[in-house]
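A.B. asks: For reference, the sequence and a predicted model appear below.
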Amino acid sequence: MDLLINHFWELTITGLAIGAVYALVALGYTMVYGVLRLINFAHSEVFMWGSFAAVWALMAVGAGKASGLGLAGYLVIGFVAAMTVSALIAMLLERVAYRPLRKRNSPPLIALISAIGASFALSELMGLRDKPLGWFNLENLRDYLGRPRENLPLPLQIQTKAVFPVFNYDVTNIDLIVLLSAIVMMVILDQFIRRSRLGRGIRAVAMDPEAAALMGINRDRVIRLTFLIGGIMAGAAAMMYLLKIGVTRYNAGFILGVKAFTAAVLGGIGNIRGALLGGFVLGVAENYGSALFGSQWKDVVAFLLLVVILLFRPTGLLGESLGKARA
Amino acid sequence: MRSLFKIGVPVVAAALALSACGGTKGGSSSTAGGSKACDLKIGFFGALTGDAANLGINIKNGAELAVNQYNEKNADCKVQLVTFDSQGDPSIAPGLAQKAVTDKKLVGIVGPAFSGESKAADPIFEQAGLNTISASATNPALSENGWKTFHRILGNDATQGPAAAKYIKDVLKAQKTFVIDDSSEYGKGLADIVRKDLGSQVAGNDSIQQKQTDFSGSVTKVTASKADSLFFGGYYAEAALIVKQLRAAGWKGTFVAADGVKDDGFIKAAGAAAEGAVVTCPCLPPDQAPEFATAYKKAYNSDPATYSAEAYDAANVFLDAIKAGKTKSADITSFIGSYDKKGVTKQVQFNDKGEPAHVSVWAYKVQGGKIVPDQEIK
């Protein structure tokens, strides 16, 4: 208890930083649910592939110790690589795993199974990433891949520095980078959904797909766009995760995916601002929980919180539905 | 666009099929042998895939080397090494053990590798009378069950734990030590011993979960406690992340862990943050057994890693039993009980609980990106 009181701000800020990662991944779950009424369980692997893309891109440019402008350059490379690959994987997923089913009007459960299958496939493909080396005689690339079932570290090294104090805690540069980039992404997305034509299209489809189609909105395009945005956000989250945690691995998406999905439900599934709020609340709650009861209880605390909140607000903190959330 | 779908489905199916291949290769038929006891098998039981796979693979390689050397000398009557990949998971282990005991050609098991899976699988081996020699399971309680078939070839945590505590007190001369465990059979057992031995020097405690990745809660506790050293009971996957996140938060103390962290995977993942970390291990540095090290390097193109040499010795005990014509369970048990021969790691001898008679614990240090021997802890 003393720990929670004396280190309240430290726990809050580091919790917000990891919560930002949850929040950005949660966006992907919540938006796809909004337009398709589908829980895209493979979204966690979209995140995982993005994290590998960032590591490999930074390895390729020879990133090492960096600060100042060099660091900014590496960060841009990492973010762009992760966002690009995550977006591509998300689009591919929609094309291969969901659209064929949708065209045949399959029941929702089939799409759910397809999502789980795609999730395993993507994760295991990464877990077996060293196999093609043998087939194509590319042994000299082995150092890039790392051991396939093990942690692959981010080559970029950032000297941690205290940037500015918040009460009795000095915020570090890493937490600041993570939080700032998360807020930038969130504001851009929020404004895009609220103000742009395409964003209006997404909201229209979420609210009433048939009426939207009658008004001339191309539903397939909106769905593609939703996956694209979800992928980009997951990619950004992947780079932030790497900055915070330092390594990735083939199954890194699983637990994070569960947490992000929880965050989406916590905030009200289908609700964009809800997902953001849910992510932050979850990250902070986990930290408080581990300070109060020990780190092994952090998941228990997080899920208890979920249950309690759903008891009193069954539709999540900000209520369900993408369409009705904000106009 | 349909073509994409056509490619996609087989890829998905193939990946799913591949993922299902993580099972076992061993445990085949059990036809009765001829008059001469040939085609016998030795099993390896431990993680070959999963989070701590490296530790298991090192052990398997050591045992495999012993079997291959035996087969070179005894080409007319070969022994086969079969592997049981438990993924280090106590929930998978009992099923695999049931499978192993049905194989009548199996004379012994090198393993199970970890303490948790040993606790789950050893009762089945005991009931079936299949002898085991673990090259790595160090939880002290394992030898307290009265299992006749249980043996291990290395010192348990009741020797490693106090040695780690002694190193922290006498060599590091630490004043305040924070202790973290990973809630596993192995990690918690070890950390509890260290906690007890350090007594009032313990500045704080925390428990984490395996597979956890964000340790900001623990980091806050460690930095708040102003500890100058930290002992972690657990495996290398989590250890690397903890030390990395501690260093990122500016913690300057010494990171101490035990044999579960003694693997290159720790340094690969932690990078510069691993530098200066101390790892204890009831295992000999490779330069103490040069012949074995050369043979291992020739066979696997890498230096022998943690417990490779122990596994080599363990497999040789079974091979000697086969050579002496012992194939019945009780015969092998008594053969192991009276075994007394110099192996590459130590004078191999077991007491009546199955514990090794001669034990030494070494401290290793991470220096220049490598785990190098520091000193024997006496």
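C.D. replies: That came through fine.
A.B. asks: what about residue B:358, which SS state?
C.D. replies: Following DSSP: H, G, I helix; E, B strand; the rest coil, we place residue B:358 in the coil state.
A.B. asks: Mind checking if stretch A:31-42 is in reach of chain B?
C.D. replies: No - on the criterion C-beta under 8 Å from any C-beta of the partner chain, stretch A:31-42 is out of touch with chain B, staying 10.4 Å away. In short, each C-beta sits where N, CA and C put it, glycine included.
A.B. asks: What residues of that stretch count as buried?
C.D. replies: Within stretch A:31-42, the residues that count as buried by 16 or more other C-beta atoms under 10 Å in any protein chain shown are A:31-36, A:38-42.
A.B. asks: remind me, longest helix of chain B?
C.D. replies: When chain B is parsed with DSSP state H, its longest helix is helix B:53-73.
A.B. asks: ok so, going back, pick out whichever of the buried residues of stretch A:31-42 sits closest to chain B.
C.D. replies: Lowest distance from chain B to these (C-beta to the nearest C-beta) belongs to residue A:42, with 10.4 Å.
A.B. asks: helices and strands around the longest helix of chain B, which ones?
C.D. replies: Applying 3 or more C-beta pairs under 8 Å, 6 or more residues apart in numbering or on different chains; DSSP states H and E, one finds that helix B:53-73 makes contact with strand B:41-46, strand B:80-85, helix B:290-300, helix B:308-323.
A.B. asks: and chain A, which of the ones you listed is closest to it?
C.D. replies: strand B:80-85 (12.0 Å).
A.B. asks: What residues sit buried inside the very next helix or strand once past that closest one?
C.D. replies: Moving toward the C-terminus from strand B:80-85, the next helix or strand (DSSP states H and E) is helix B:93-101. The neighbour-count check on helix B:93-101 (16+ other C-beta under 10 Å) flags B:93-94, B:96-97, B:100-101 as buried.
A.B. asks: other SSEs contacting whichever helix or strand comes after helix B:93-101?
C.D. replies: Per DSSP H and E, helix B:93-101 leads on to strand B:106-110 as the next helix or strand towards the C-terminus. Using 3+ C-beta pairs under 8 Å, 6+ apart, the elements in contact with strand B:106-110 are strand B:41-46, strand B:131-134, helix B:308-323.
A.B. asks: Any chance of a markdown table for these, columns mean pLDDT, mean neighbour count and distance to residue B:231?
C.D. replies: What follows is the helices and strands packed on strand B:106-110, written out as a markdown table (pLDDT from 0 to 100; neighbours: other C-beta atoms under 10 Å in any protein chain shown; distance: least, C-beta to C-beta, whole Å):
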| stretch | mean pLDDT | mean neighbour count | distance to residue B:231 |
| --- | --- | --- | --- |
| strand B:41-46 | 95 | 30 | 25 |
| strand B:131-134 | 96 | 29 | 23 |
| helix B:308-323 | 93 | 26 | 23 |
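A.B. asks: Where does the closest residue to chain A within the stretch 151-300 of chain B fall, secondary structure wise?
C.D. replies: Nearest to chain A, among the residues of the stretch 151-300 of chain B, is residue B:217, at 3.0 Å (C-beta to the nearest C-beta). If you go by DSSP H and E, residue B:217 is part of helix B:216-225.
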